[in-house]
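Asker: whatever this is, show me its structure:
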Amino acid sequence: MTALLLIGSLLLILAAAELFVNALEHIGERLKISEGVTGSIFAAVGTAMPEAMVPVVAVLSTAATQEVREEVGVGAILGAPLMLSTIAMFLIALFASFRRGWSGNFHPERTGLLRDLSWFLIVFGLSTVAIFVPRELPFVRGVIGLSLVLLYFLYLLVTVRASAGLVADGHGTTADALLYLARGLAWSGLRENVALQLLQLALAFGGIIAGAHGFVHGVESLSASLGMSALVLSLLIIPVATELPEKVNSVLWIRRSKDTLAFGNVTGAMVFQGSLLPALGILLTPWEARPEVVGVLVLTLLAAGWTLLILRRGVLRPYHLLFNGLCYLAYGAYVIV
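Answerer: Numbering: from 1, shown residues only. Take a look at the predicted model:
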């Protein structure tokens, strides 16, 4: 039964992600915005928002004990950036290799990708510093938490301001296919318009949430028999179950050679998940330097820093991102063994 739930949920996510990508491309084209904004803000925040509620609900709810709630909250907050910087990057490389080979080139819009990775390292670096600040210094922790919120909104401002110039340079969002909803309703004489685009986006978003919800239940049922602690479960299982399925958007875009959208969907979510949610953890949880937590912070920064280093040195290729996948395997081995 669990296997059927997992397979059915994944199929729903795949279908909904195809609708989501198609609608988002049409909306981005209508608004005349760059692929960087479409991927790093619209797609990234839109698909990450439901998963962002997991740590929020865990920390603020009254279910379970305070210790368990805090462990689930911290695990979900830190697990998402780890998964995005490691597994999600590896999957982009894997699916790109099918057509380009492991030595093929990625062609994202460089300034946007460099910006996303640099901002992520700054905000997640601050989150790492905060973990060594004692709870007896609430003012210092509060300043760091609020700084993370401010930095994210500055990131949004910088990204949007860069959009016009990128569109002029040929990096505008374009739709490769007709809007699926308009195609399905062609018999009615209804033409594509912004209302129809938003309706398809909403339907797709709802499908992704429903599929992810079912996927989470399946993974939770499967992991319960493994006897994992709340923190390890939250670090390894919850982010993969909630965040990874929605990054199918990146897989679809990379298969269509839309590298800017594919990477932006991941790196934009990294900035979102690496700034606003750690701010919540710093302010409302112990946010202390436990071995499992330090391991996540180090490997996440290592994977993101490696990607930025390779990009700065020249061309990013699929085989470079094998290192990112190894970082996740290393962490899994560390906490399980």
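Asker: just checking, residue 295 touches residue 333?
Answerer: No: the criterion here is CB atoms under 8 Å, and residue 295 misses it with residue 333 at 10.5 Å. No exception for glycine: its C-beta is placed from N, CA and C like everyone else's.
Asker: quick one: which of these two has more around it?
Answerer: Between residue 295 and residue 333, residue 295 has the larger neighbour count (other CB atoms under 10 Å), namely 17 against 9.
Asker: residues of the helix or strand hosting that one that come out buried?
Answerer: When elements are assigned from DSSP states H and E, residue 295 belongs to helix 291-313. By 16 or more other CB atoms under 10 Å, the buried positions in helix 291-313 come out as 292-293, 295-297, 299-308, 310-311.
Asker: elements contacting that helix?
Answerer: Packed against helix 291-313, as judged by 3 or more CB pairs under 8 Å, 6 or more residues apart in numbering; DSSP states H and E, are the following elements: helix 66-83, helix 110-130, helix 230-236, helix 322-336.
Asker: with respect to burial, which of those helices scores highest?
Answerer: Each of the helices and strands packed on helix 291-313 was scored by mean neighbour count; the highest is helix 66-83, a mean of 25, by mean count of other CB atoms under 10 Å.
Asker: can you count the residues close to residue 133?
Answerer: For residue 133, using other CB under 10 Å, the count is 18.
Asker: how about it, what does it touch?
Answerer: 140, 141, 144 (CB atoms under 8 Å, 6 or more residues apart in numbering).
Asker: could you look up the SS state of residue 102?
Answerer: Assigned with DSSP: H, G, I helix; E, B strand; the rest coil, residue 102 falls in the coil class.
Asker: look up how far residue 211 lies from residue 322.
Answerer: Taking CB to CB, to the nearest Å as the measure, residue 322 falls 28 Å from residue 211.
Asker: turn the contacts of residue 133 into a markdown table, including pLDDT and secondary structure.
Answerer: Supplementary listing: the contacts of residue 133 in a markdown table, determined by pLDDT from 0 to 100; DSSP: H, G, I helix; E, B strand; the rest coil:
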| residue | pLDDT | secondary structure |
| --- | --- | --- |
| 140 | 93 | helix |
| 141 | 92 | helix |
| 144 | 95 | helix |
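Asker: and of these, the nearest to residue 90?
Answerer: Set against residue 90, the nearest of the contacts of residue 133 by CB to CB is residue 144 (30.5 Å).
Asker: any idea of the pLDDT on residue 248?
Answerer: pLDDT, residue 248: 76.
Asker: follow-up on the earlier one: is it possible to export the helices and strands packed on helix 291-313 to CSV including distance to residue 160 and mean pLDDT?
Answerer: Output for the helices and strands packed on helix 291-313, formatted as CSV (distance: least, CB to CB, whole Å; pLDDT from 0 to 100):
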stretch, distance to residue 160, mean pLDDT
helix 66-83, 22, 76
helix 110-130, 11, 94
helix 230-236, 33, 64
helix 322-336, 28, 89
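Asker: and of the ones you listed, who's closest to residue 205?
Answerer: Closest among the helices and strands packed on helix 291-313, using CB to CB: helix 66-83, at 18.2 Å.
Asker: residues touching residue 322, list them.
Answerer: Shown in contact with residue 322 (CB under 8 Å, 6+ apart): 90, 93, 102.
Asker: number of nearby residues for the closest residue in space to the last one that isn't next to it in sequence?
Answerer: The spatial neighbour of residue 102 that comes closest, neighbours along the chain excluded (CB to CB, 6 or more residues apart in numbering), is residue 319 at 4.2 Å. Taking other CB under 10 Å as the neighbour definition, residue 319 ends up with a count of 13.
Asker: surely residue 319 is within a helix?
Answerer: Yes: under three-state DSSP, residue 319 falls within a helix.
Asker: hang on, isn't it packed against residue 103?
Answerer: Yes: using CB under 8 Å, residue 319 is in contact with residue 103, at 6.3 Å.
Asker: please name the residues that touch the residue nearest to residue 102.
Answerer: Contact analysis of residue 319 by CB under 8 Å, 6+ apart lists 93, 97, 102, 103.
Asker: pLDDT score assigned to the second one?
Answerer: For residue 97, the pLDDT comes out at 94.
Asker: count residues in the vicinity of it, would you?
Answerer: 18.
Asker: angle of the host helix or strand of it against helix 291-313?
Answerer: Under the criterion of DSSP H and E, residue 97 resides in helix 89-100. Interaxial angle, helix 89-100 versus helix 291-313 (axes from the mean of the first three to the mean of the last three CA atoms, to 10 degrees): 40 degrees.
Asker: number of nearby residues for residue 254?
Answerer: 27.
Asker: an error on my part: the question was meant for residue 4.
Answerer: 9.
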